[in-house]
Structures are given as C-alpha cells and as structure tokens.
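Novice: Next one to model:
(chains A and B)
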Amino acid sequence: MLADLMQGLRVFIELQPLLYMIFGTFFGFIIGFIPGLGGNFVLAVLLPFIYKMEPLAGLALLIGSFSPTPTGGSVSAILFGVPGTGQNAATVFDGFPLAQKGEAGRAIGAALTSSGLGGVIGAVILLLMIPVMKPIVLSLGPPEFFMLIMMGIIFIGFLGQGSAIKGILAGLLGLILSLVGMDVVTGETRYTFGQLFFWDGIKLVPVVLGLFAIAEMVDLVLTGGSLAKFDSGVDDDRARKLSLAAVFTGVKDVFTHWMLFLRCSVIGTVIGIIPGLGGDVASFMAYGHGLQTGREKENFGKGAIEGVIAPEAANNAKEGGAFVPTLGFGVPGSSGMAIMLGAFMILGITPGPDLLNKRPEILYGIVWICAFSNLLAAIFGIFIARYLARLTFMRGSLLVPPVLVFVTLGAYAYRSTYADVVVVLVFGFLGWAMKKYGYPRPALILGLVLGTLAEKNLQLSLAIYGNKFIFRPICLGLLILIAVSIIYPQIRKYRENRKGVIEGNIP
Amino acid sequence: MKFLNGALFFDIILLIAFVLFLATAFTMGSEAAVAPLLLTIPGVVLMTIQLVLNLLKTKEKTVLVDSTILKKVLFIYLWLIGFLLSLQWIGFTLSVPLFILTISRFFFRESWRTSLIMTFVIAIPVHLFFIQLLQIYFPPGVFEDTLGAILKALNTG
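Specialist: Next comes the predicted model:
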C-alpha cells in the first residue's frame, strides 16, 4: 500500500495535475463563498473542459475545486449569516453570532482550520478503507452490482430532502434518458424519435450544464438583488475587522478542542460513506454531537467556538467518506459524487474492481488531491477572507452574463455541435422546474450516469442466473436493505403524525 | 382549469412524457424493450400517484404561473436562443460581445458604462480561453463568411 501511495504522490505532483489542483482549489473556494452556487455548480461548469485532459489532471481539477466549496461557504456563513453551501447551514448558528460580537476573525480561523484538517482526516480514512474495499468488491458479480446501483439511485431519491416519490421519479427519468440511443446488445435504436443526433445517446455534460448551471442562473435572475441578501452597511464594517491575529486565535481553538474536532471528522466521514445522506446531515449531526458533549451547552447558538469547529470538521471530512462507495462500488456517496461518477466515465475511469486493481495511481492520487486541496483552501482562505467579503455584494446581473456565456460555449466546445447547446437549454428549463417543484436533480443525474451500467449488469445477471439472480445472498440482503430504507421512514412518519393527532397538535 | 397551478402543470407534463416513453417501448423488439418497460411502467404508476396526491393537496383556485416569473424566464431563454443563432449566423467573434452588451443593457438594465465595461472584461478572457488556450474551432458564421468574401473580392479587384 505504501508503494502505491507513493506512486499516487509521484503522479499527482507532476506539473499538470498540480497546477490544475491549485487553480481548482482557488476556483472552488471562491464559488463556495458565493451563496447559492455550491459544489454541484462547480462540477457542472468544469465538466465540459476535462474530456481532453489526462485522467489525473482532470480529477485534480474537479476534486480540487469540489472539495473546498464548503470551506469557502463557511466564510459567508460567519460573516453574513448566509451559508455559502447547504452544508454550512449549521455553521451559521454560532459563527454568525461570533461575528456579531466582533470575533469574526476567530470564527473564520476556526472554521477554515477545522475544514482543512477535517478534509485531510477524510482522505486518511479513505486511504485506510481502500485495502478493506478490495476483497469486498472482488466478491461482487453482475447481480450485486445491479442491486448496488438500484440502491444508490433509491437512496439518493429517498433519503435526500423532499418527497420520496419525486426522488424515485427523478431517478426513473434519468434511467429512461440513459436508454436513448443504440442498444449495445440488439443494435436497435431506442427513443431517438428519428433524430440522428440521439443515436449516440444523451450525454452527461450538456445535461449537467443545463440542470445545474443554467437552472441556477435562471433562479438568480428571478430572485434578483445581490448574491447574499443582507444589510451591506453593517456587514461591510464587520468584514473589515478580519485581522490575521484574530484568525490565528481561531486556528489555535481547533487544537484546543482537538478531541471534538477528531470525533466530528469521523462522524462526517462515516455519514459520507452512506450513500444518499448529504453534507447537510453530516454537519447537523456533528453540531448536535458538539452540543451534547460541550461543557458550556448554554453558549451554543450564541457564539460557542465549538459550534463552528464541529460542523466544519464534518462537512469536509464527509467527501473523503463519499469517495469510498463511489470508487469501490460505483455507488455515489453524495449528489456531487453522482456528477463525479459521470466525470470518471468521461475520463475513461471505471469505478470498482478495475480501478482498485489496475489503476492504483489514480486511486491514491485521489487521496492526495483530497488532502492537499482541503489544506490549500484553508491556507488560502485565512489570508484572503477579508477581500472576498466584497464579492457577495455583487449583483446577480454581473454574475449571470459571464456564466451564461461560459456555459453556452462550454456546451458547444464539448463536441463542437450546436445540438448540445439546445440540449443544455432544454435541460436548463427542466432543471429550473425540477428545483421549483421539488424533484431532486442529483437523482436524475445518477440515473443517467448509471443507467447503461445497470442495464448491462441486469442483462448479464439474467443471462447467467436467470430470474433467480435476486435470490443470491448479497442481492437478497441489499434488496431487504432497500425495502427497509423505503418502508421504515414512512412508518416512522405515520407514527409521528398519529402521535401528533392524538396529542392534538395536528388537526 | 380550476385547480391548475405550476406544480400540477409540471406533473401533467411529466406524466405525458412517461406515457409517451411507455407507448414507444411497445414498438421496440422484445429484448430491447425489457429495460424500457421495467422503467416506464412504474414511472407511469408513480407519476399518476404523484399527480393525484398533488390534486388532493390543491384546494383552491391558484394562478398557473406568476406572469412576471414566466416573462423573465421566457426573456432569458429568448436571449440564449438569440445568442445561439448569432453564433451560427454572425460568428463567435462578434456574438460574444454583442450578447453580453445587449443582455446587460436591455435585460438587466445596467448602465451603458457598466455594460460596456462588462463586455470588454468578459469577451477578451472568453476569446483567450476558448480560442487561444483550448483551440476550439467556432465556424465563422454567415456574416463573417460574407465579409471575408467581400474583402477578398476587394483585394483581388
């Protein structure tokens, strides 16, 4: 393992991957800082540009930009009470009150250090899980991979926010869209509606650009105003008081509360390993743990530094954990990993046994990228936070035109065809409607990415084992797990509603 | 329709899409149709349930979609479609600054000064990034082609 780890480092520190990682880290940090955009947007915007890159260079750019978005988001959560990403929501509870008390620098120092080192812990746990994953993955066959894919889609649909039915429908729609084009087994064209363009299927890049980038820009146009809605006078003043000395006080706080930091990093990583649970869950669970174990519980919610350290450690560590099922089984650990899976396919990397056995330099390179990008983002943030504060005063009207230009041209640049731009526009409208009416977009992406693989594994399973493939032990276990995951929340919800009715709380 | 709102309308569109996918699946060969049928049948059933649940929740007459929202979405899309057409007809070099200038000035109602600065600040890096760095080829467009032909004729003439 050590030899593979050093090989991963040797490949990673070549000029191209290193430069792309550094650029990606700065880009991801800034995007994370701007409220409303987030990691999925970063991946969507960068996806068209990776297909000509070497695999590790492309991954360095994507992972380098995706991993630090919660780090950037913590700064706006503290300064303005507006989380940069959903994963930073818990940071607002104590980070913003600290800023209001004039301790913004301390809070930011603690958040950035916690984030950076939390990301490293997540990478270390990923490293330790790799030898454990190998024998498990090698014992799985087509039936098990088919069930794992179905489990991933259902988890993303069911365990994410919003209605479970809408989650499943979004996943089904993605799976159906993956069938568009020529069937590899029979050679028959499906859902092409007589259009030659669809013979090659619907590609991930224009769909992601439309669903995440265009949809977010349309939303921004509709909401209007500045990117974070707050009183600029008060917060401008607060942003100016970010002295380096104050920031380093916060850095020291993390080492003072190192046990809490370690426990929350582990919580975040474990949550990340479970497919379908997002960063929001990790940060809130860690915050809850910090509250339960804190010595001065009454300070939580009023500016306790532990209330900043706990969620920030978890939300960055989560990504290391999310890579475990993504790389090992091809089942994404989070919605961002669903897009990342598509990126792996574009770069010619197939998660699973192939990656674990034949491409260790990619696998261990990913570990190094995760660790370095989180650390670099934290260091960058410590020195640049006060200057970034002004970005959030920027009007949406200044951000939207350049993003639309880059997205439109990026969609064309992907395959040099205007038809891809049309696909972007169509999915942009669909993505905006899905966001507005509560249909989770990551579930659609996951269905699109994994649909072909699911069908291939299904056909292999039917050919080798017939209909009885679902009775294989691991398959049956996964099926029971899926059923329990679907049924148990509904039973719990029903019981809670009944309890509310009996107690007279709900009419 | 009395109870039609944006959410219901979107659900109806999705149901029509699932039904269309299901109907098309029946026209496929038996082996190719396995996966489509496995997906579209539960899709139609679940979508119908979702639509019914939505209908039951909608108790009073609501607006289909806010007209202001619809107008803004329509206009932003018209601008994007215009950009796409101008890329084909006018060419990359002129389309990018034209799009940024017009959308900033006429859609977002920024001042001429801001719009011109934005055009300058964005168009140059875009050109450098896509043409110089990525070496992406954008077809010249009808206008650039015609202009090129006229200039060539003038030179030879």
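Novice: Report the residue spans of the chain with pLDDT below the cut-off.
Specialist: If you meant another chain, say so; for now it's chain A. A:1, A:11, A:36, A:134, A:156-162, A:225-242, A:276-280, A:386, A:388-394, A:500-507 (pLDDT under 70).
Novice: Please refer instead to chain B.
Specialist: B:1-4, B:58-66, B:144, B:157.
Novice: Mind jotting down where the helices sit in it?
Specialist: All helices of chain B, identified by DSSP state H, fall at B:6-25, B:34-57, B:67-89, B:92-102, B:112-127, B:141-156.
Novice: hey, which of those helices is tucked in deepest?
Specialist: Greatest average neighbour count among those goes to helix B:92-102 (a mean of 20), per mean count of other CB atoms under 10 Å in any protein chain shown. All C-beta atoms are positioned from the backbone trio N, CA, C, and that covers glycine.
Novice: re the thing from before, between the helices of chain B, which one is nearest to A:Thr71?
Specialist: The stretch from those with the least distance to A:Thr71 (CB to CB) is helix B:112-127; that distance is 25.3 Å.
Novice: Mind telling me what element A:Leu363 is part of?
Specialist: Taking DSSP states H and E as the criterion, A:Leu363 maps to helix A:360-388.
Novice: immediately after that helix, which helix or strand?
Specialist: Sequence order places helix A:396-415 as the next helix or strand after helix A:360-388, per DSSP H and E.
Novice: picking up where we left off before, Throw the helices of chain B into a markdown table and include distance to A:Tyr51, thanks.
Specialist: Below are those laid out as a markdown table (distance: least, CB to CB, whole Å):
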| stretch | distance to A:Tyr51 |
| --- | --- |
| helix B:6-25 | 29 |
| helix B:34-57 | 27 |
| helix B:67-89 | 21 |
| helix B:92-102 | 20 |
| helix B:112-127 | 19 |
| helix B:141-156 | 25 |
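Novice: Could you pull out the buried residues of the helix holding A:Leu363?
Specialist: Across helix A:360-388, burial judged by 16 or more other CB atoms under 10 Å in any protein chain shown covers A:360-378, A:380-382, A:384-386, A:388.
Novice: ok, now stretch A:302-321?
Specialist: In terms of neighbour count (16+ other CB under 10 Å), stretch A:302-321 has its buried residues at A:303-321.
Novice: how far out from the middle of the chain is that stretch?
Specialist: 16 Å (CA atoms, centre = their mean, to the nearest Å).
Novice: go on, stretch A:457-468?
Specialist: That offset, for stretch A:457-468, works out to 33 Å (CA atoms, centre = their mean).
Novice: Then stretch B:33-51?
Specialist: Mean-position distance between stretch B:33-51 and its chain equals 27 Å (CA atoms, centre = their mean).
Novice: Among the buried residues of stretch A:302-321, name the ones in strands.
Specialist: Secondary structure from DSSP state E places none of the buried residues of stretch A:302-321 in strands.
Novice: For chain B, give the residue positioned nearest to chain A.
Specialist: Chain A sits closest to B:Phe108 of chain B, with a gap of 3.6 Å, by CB to the nearest CB.
Novice: gap between that residue and A:Leu37?
Specialist: 18 Å (CB to CB, to the nearest Å).
Novice: So for these two, which sits in the more crowded spot?
Specialist: Shown here are B:Phe108 and A:Leu37; by other CB atoms under 10 Å in any protein chain shown, A:Leu37 has more neighbours (27 against 18).
Novice: My read is that A:Thr267 contacts A:Gly321, right?
Specialist: Just so we're on the same page, residue A:267 is Ile rather than Thr. No. Contact criterion CB atoms under 8 Å: A:Ile267 and A:Gly321 do not qualify, at 9.7 Å.
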